[in-house]
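Undergrad: Sharing a sequence plus its predicted fold:
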Amino acid sequence: MTSEDRFVPGPRWRSIAAIWGGIGLVDATQTVVSMKAMGMHHAWVELFVFQLLGWLPWGAGHARGDAAERARTAKRALAERAH
């Protein structure tokens, strides 16, 4: 067994959360700023928060899919090693 066989990458949920949080932040900011520039009157803080939280399922789904892909890759590697 070489040292390459023992390499296990750590969880990437922080970077995934940061990326999707950044996308949500940009989207929420763009929505609020453009609506305010058009002269609309809304509860801006609540609109911003709901727009930002709307991206939460995308980040959670990405993290879950990433974990599932890692599990499939690990199972495939174990199956190849057994043969």
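TA: Looks like it came in fine. Numbers count the residues shown, from 1 in each chain.
Undergrad: Could you list the low-confidence segments of this structure?
TA: Scanning the chain for pLDDT under 70 picks out the ranges 1-11, 82-83.
Undergrad: which residues of it fall in helices?
TA: Listed in chain order, the helices of the chain (DSSP state H) span 13-37, 44-53, 56-82.
Undergrad: So which elements touch the last one?
TA: Using 3 or more Cβ pairs under 8 Å, 6 or more residues apart in numbering; DSSP states H and E as the contact definition, the elements that helix 56-82 packs against are helix 13-37. Heads up, the C-betas are built off the backbone N, CA and C, glycines and all.
Undergrad: Over to the first one?
TA: Counting contacts by 3+ Cβ pairs under 8 Å, 6+ apart, helix 13-37 is packed against helix 44-53, helix 56-82.
Undergrad: Dump those to TSV, plus mean neighbour count and distance to R12.
TA: Below are those laid out as TSV (neighbours: other Cβ atoms under 10 Å; distance: least, Cβ to Cβ, whole Å):
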stretch	mean neighbour count	distance to R12
helix 44-53	14	21
helix 56-82	11	7
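Undergrad: tell me the centre residue of this structure?
TA: Closest to where the C-alpha atoms of the chain average out (Cα atoms, centre = their mean) is G59, at 2.8 Å.
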